[in-house]
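J.: please find the sequence and the predicted model below.
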Amino acid sequence: MLAPFSRALFDLLVERAARTPDALAVVCRERHASYAELLRRSRRVAAGLMARGVSRGDRVGAVIANQLEWLELCFGTAAAGATFVPFSTWSTRSELDFLIRDSEIKLLVSAARLGDRDYAADLAELLPELVLGQSSPRFPKLDAILLLEASESDVFGRFEAMLGDDTGTRDLAPNVAASAGDDAFILYTSGSSATPKAVRLKHFGVVENGFNIGERMGLGPTDRVFLSAPLFWSYGSANALPAALTHGGALVLQPRFDATRAIELIERHRCTAIYTLPAMTNAILGASGYARERLATLRTGLTIGTPQDFMTAAQGLGASELCNIYGTTETYGNCCVTSHRWPLELRAVCQGEPLPGNELRLVDIETGAPVAPGEAGLCEVRGYITPGYTGASAEQNASTFTADGFYRTGDIGRFDEGGAFVFVGRNTEMIKRAGINVSPAEVETILRGHPGVAEAGVVGVPDVERGELVIAFVVTTGQAVTAAELIAHCRSTASKYKVPDRIEIRKSLPLTPTGKLQRRELKREAAVLVAEGTRHG
C-alpha cells in the first residue's frame, strides 16, 4: 500500500478524512466514529485547548482508558501544537504525584473513576490549590484539570464543556499545529531506575514506523484492528494507532481487557487483526464463551512470547498471518516484525527482519565489539529511536545512547541465517510480567517505604501463564511484619502489576564484596521456591 503523504498525526487524520471521510475510524462501546467525525471532534478539542492557552511546546496529560476521547485528545493536542502525555490508568495517587511533576503538563484530562481508582478524589487531594482556583507551588506548570464525567465532589471542570468550535481550526497557520519533528508523545515506561522513564517520540517516527509495521501485518482499508492493550503503552499509541490509521483501517477499542467481552467484540465487529499478549491469549482461550469459530474473521495481528506462546496465539485465535515482534518504547514500539507472508513455523522462532529505516547491531557483552555472525550479543538499535528521555530520566541519556547514535536496549539476541532477529533474553534486570515491564528497583523502593523493611531485593522467575512472576526478598528492621502485610502495603501504594506475587522474609540478602545485590543468587533461590510451590500444588 502507498504510504500517506503526512508525517504528523493531526495532518494524517486530515489526510484520511479527505480521502475517505465516511470510512469507519474507531469503535468503542456503542460509539462509532468515521474519519470525518473523528477529525471534527479533534478540531473541537484543539479549539478548546487553545482557548485555555495551550500552544506549541506545551504538554497535555491524560488518565483515560481506551476510548474515543483518548483519540480526540491525542489528535486535538497535536492540532494545538502541544505534546500528548498519556499516563497509566493503573496509576496510584503517589504515582500520579510523580508523573504530573515530572512531565510538567499544562493541562490534565482524567476519568473521574477507573476500576477501583477514584481519580477525582486523588487529584483533589494532590492539588487542593487548583480546586480553589489557585496555582499549585508543587505543580507550577499545571493550569487546569478536566474530568470526563461528573464526580461526587464535582470540584473540577468537565472535558465536554471545554470543546470549542471546529471551524476555528480548519485553516491552522503552519506554526500552530505540530510538525513532523515535534514530539508527538511522552510515554512513561518502567526501566532500571526506581521511577518510570519519560520517553519522547516524534511525529514522523510514529507515522513512518507505524506504517511499516502495518505493511508487515498486511493491513488495508477494510481491516478492523482489535485493541485491548492500553493506548498509553507504545504497543497502542505508537503501534496499533498509526498502523491502522496509515492504512485507512479502523480501531475497535476495549477500554479494559476482559476475555469474554473481547470474544464478543471480535465476533460482533468482525475484527480482522488483534494486538495480543500471551496472558491475553491464554485468558481468551480459557474463557467460557471461547469457540474458535467465533474468532473466524481474525487474520493477522501482533504478539510477543516464546515459540510456544506464538503458536498458541496463531492457532488458538485462528490468526494464521499473526506476526512476531521485537522492540521497546524507545524504538517506537517495534523495530523488528516478521512478515505475515512468512511460513508460520518461521514466524514462531524469530522476531523478523529490522523494519525499514532501522539498523540493529549486536555487540559483545564484555568488550562492546561486534560479535561474529550467528553469535548472540547485546542488541543496539539506530534509526527510529527516541531522541532521548526527558524529566528526571534525562540523566540516563548519556549512558543509554552510544556516541554513534545507537540505543542500548539491554537485550540479548542473534541473527538467523536469513537475517531475522532472534530474541534470546534480557541482560537487564527488567521483569516482564504479563507483557508489562516491571522495574525491580521501583518495587524495592515501594517495599522500603514500609517502616518494617530495611532491605529488599526483587527478581523475576519464568512462569507459563504470566511470563514472569515478581518475587521479593525482604530484610526487616526488627519490627514484626508479615508477608501479607507487605503485600497489602504494595497494593495500597502501587499499580497492581507491580505487587509481588510472593514475598520471602530473610535475615540477610546475598551481596557482593562491594555491597551490591547478587540478583543471580536471588533468582536461583526464587526459582527453587516457585518450583517447590508448583510441585506441592
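T.: That came through fine. Residues are numbered from 1 along each chain as shown.

J.: show me where the stretch 101-250 of the chain has its strands.
T.: Along the stretch 101-250 of the chain, the stretches classed as strands by DSSP state E, counting those that start in this stretch are 107-110, 113-114, 117-118, 144-147, 157-158, 183-189, 197-202, 224-227, 250-253.

J.: I misspoke; the intended subject was the stretch 401-537 of the chain.
T.: 407-415, 421-426, 431-433, 436-438, 453-463, 467-476, 502-505.

J.: quick one: strands adjacent to the longest one?
T.: If you go by DSSP bridges, strand 453-463 pairs up with strand 467-476 (antiparallel).

J.: what is the orientation angle of the partner strand with strand 421-426?
T.: 20 degrees (axes from the mean of the first three to the mean of the last three Cα atoms, to 10 degrees).

J.: buried residues, strand 467-476. List them.
T.: Going by neighbour count (16 or more other Cβ atoms under 10 Å), the buried part of strand 467-476 is Gly467, Glu468, Leu469, Val470, Ile471, Ala472, Phe473, Val474, Thr476. Using the backbone N, CA and C atoms, a C-beta is placed for each residue, glycine as well.

J.: any chance of those residues in TSV, plus pLDDT and distance to Phe185?
T.: Formatted as TSV, those follow (pLDDT from 0 to 100; distance: Cβ to Cβ, whole Å):
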residue	pLDDT	distance to Phe185
Gly467	87	25
Glu468	91	26
Leu469	93	30
Val470	95	27
Ile471	96	33
Ala472	96	32
Phe473	96	36
Val474	96	36
Thr476	94	41
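
J.: what is the nearest of these to Ala348?
T.: Gly467 (16.6 Å; Cβ to Cβ).

J.: and the closest one, what is it in contact with?
T.: For Gly467, the contact set (Cβ atoms under 8 Å, 6 or more residues apart in numbering) comprises Pro278, Ala279, Gly305, Lys432, Arg433, Ala434, Gly435.

J.: out of the residues you listed, which end up buried?
T.: Using 16+ other Cβ under 10 Å as the burial test, the contacts of Gly467 include Pro278, Ala279, Gly305, Lys432, Arg433, Ala434, Gly435 as buried.

J.: ok, so of those, who is nearest Ala25?
T.: Distances from Ala25 to the buried ones among the contacts of Gly467, taken by Cβ to Cβ, are shortest for Gly435, at 26.0 Å.

J.: check the residue most central in space within the chain and give its pLDDT.
T.: The structure's the chain has its C-alpha centroid closest to Trp233; by Cα atoms, centre = their mean the separation is 1.4 Å. At Trp233, the pLDDT value in this model is 95.

J.: so that it lines up with my notes, have the first residue be 47 from now on.
T.: Shifting the count to begin at 47 puts that one at Trp279.

J.: surely it meets Ser236?
T.: No: Trp279 lies out of contact with Ser236 (Cβ atoms under 8 Å); the separation is 11.0 Å.

J.: what number of residues lie near Ala207?
T.: 8 (other Cβ atoms under 10 Å).

J.: show me the contacts for it.
T.: Per Cβ under 8 Å, 6+ apart, neighbours of Ala207: Leu192.

J.: ok, 6 Å please
T.: Ala207 sits next to no residue when contact means Cβ atoms under 6 Å, 6 or more residues apart in numbering.

J.: next: Glu405.
T.: Glu405 neighbours (Cβ under 6 Å, 6+ apart): Arg428, Gly429.

J.: thinking again about what came up before, lowest mean pLDDT across the strands of the stretch 447-583 of the chain, which one is that?
T.: strand 482-484 (a mean of 81).

J.: give me the below-cutoff pLDDT ranges for the stretch 347-496 of the chain.
T.: 474 (pLDDT under 70).

J.: still on that earlier bit, what is the most widely separated pair among the buried ones among the contacts of Gly513?
T.: Between any two of those (Cβ to Cβ), the greatest distance is 12.9 Å, for Gly351 and Arg479.

J.: count of residues packed around Ala64?
T.: Applying other Cβ under 10 Å, I find that Ala64 has 11 neighbouring residues.

J.: could you look up the SS state of it?
T.: helix (DSSP: H, G, I helix; E, B strand; the rest coil).

J.: pLDDT value on it, please?
T.: pLDDT at Ala64 comes out at 96.

J.: pull up the gap between it and Gly179, please.
T.: 42 Å (Cβ to Cβ, to the nearest Å).

J.: repeat for Ala190
T.: Ala190 is 10 Å from Gly179, by Cβ to Cβ.

J.: got it, and Leu575?
T.: From Leu575 to Gly179 the distance is 54 Å (Cβ to Cβ).

J.: the more surrounded of the two?
T.: In terms of neighbours (other Cβ under 10 Å), Leu575 is the more surrounded of Leu575 and Gly179; the figures are 16 against 7.

J.: and that one, what does it touch?
T.: By Cβ under 6 Å, 6+ apart, Leu575 has no neighbours at all.

J.: ok, the closest residue to Gly347 other than its chain neighbours - how many residues close by?
T.: Excluding its sequence neighbours, the residue lying closest to Gly347 (Cβ to Cβ, 6 or more residues apart in numbering) is Ile320, at 3.9 Å. Around Ile320 there are 30 other residues, counting by other Cβ under 10 Å.

J.: who is Ile320 paired with across the strands?
T.: Phe272, Gly347.

J.: surely it is in contact with Phe272?
T.: Yes: Ile320 is within contact range of Phe272, at 4.7 Å (criterion: Cβ atoms under 6 Å).

J.: what lies in contact with stretch 92-110?
T.: By Cβ under 6 Å, 6+ apart, stretch 92-110 touches 116, 119, 122-123, 125-133, 135, 149, 151-157, 165, 208-211, 214-215.

J.: confidence score at Thr215?
T.: Turning to Thr215, the model gives it a pLDDT of 61.

J.: sorry, that was for Ser199
T.: So Ser199 comes in at 70 (pLDDT).

J.: Glu313 sits in which helix or strand?
T.: In the assignment (DSSP states H and E), Glu313 maps to helix 305-315.

J.: using PDB, write out the CA atom coordinates for that helix.
T.: The C-alpha trace of helix 305-315 is given here as PDB (Å, rounded to 0.1, in the frame of the first residue of the first chain):
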ATOM      1  CA  ALA A 305     -11.600 -12.100  27.800                       C
ATOM      2  CA  THR A 306     -15.300 -12.900  27.500                       C
ATOM      3  CA  ARG A 307     -16.100  -9.400  26.300                       C
ATOM      4  CA  ALA A 308     -13.100  -9.500  23.900                       C
ATOM      5  CA  ILE A 309     -14.600 -12.500  22.200                       C
ATOM      6  CA  GLU A 310     -17.900 -10.800  21.900                       C
ATOM      7  CA  LEU A 311     -16.400  -7.600  20.400                       C
ATOM      8  CA  ILE A 312     -14.200  -9.500  17.900                       C
ATOM      9  CA  GLU A 313     -17.200 -11.500  16.800                       C
ATOM     10  CA  ARG A 314     -19.700  -8.600  16.600                       C
ATOM     11  CA  HIS A 315     -17.400  -6.200  14.700                       C
END
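
J.: now for stretch 390-402, what's the gap between its first and last residues?
T.: One end of stretch 390-402 sits 22 Å from the other (Cα to Cα, to the nearest Å).

J.: could you list the buried residues of it?
T.: If you call a residue buried by 16+ other Cβ under 10 Å, then stretch 390-402 has these buried ones: Arg393, Ala394, Cys396, Gln397, Gly398, Glu399, Pro400, Leu401.

J.: right, and the fifth one touches Asn380 too?
T.: To tie it back to what came earlier, the one meant is Gly398. No: contact criterion Cβ under 6 Å: Gly398 and Asn380 do not qualify, at 8.7 Å.

J.: show me what contacts the residue lying farthest from the centre of the chain?
T.: Largest separation from the mean C-alpha position in the chain: Gly524, at 39.1 Å (Cα atoms, centre = their mean). Shown in contact with Gly524 (Cβ under 6 Å, 6+ apart): no residues.
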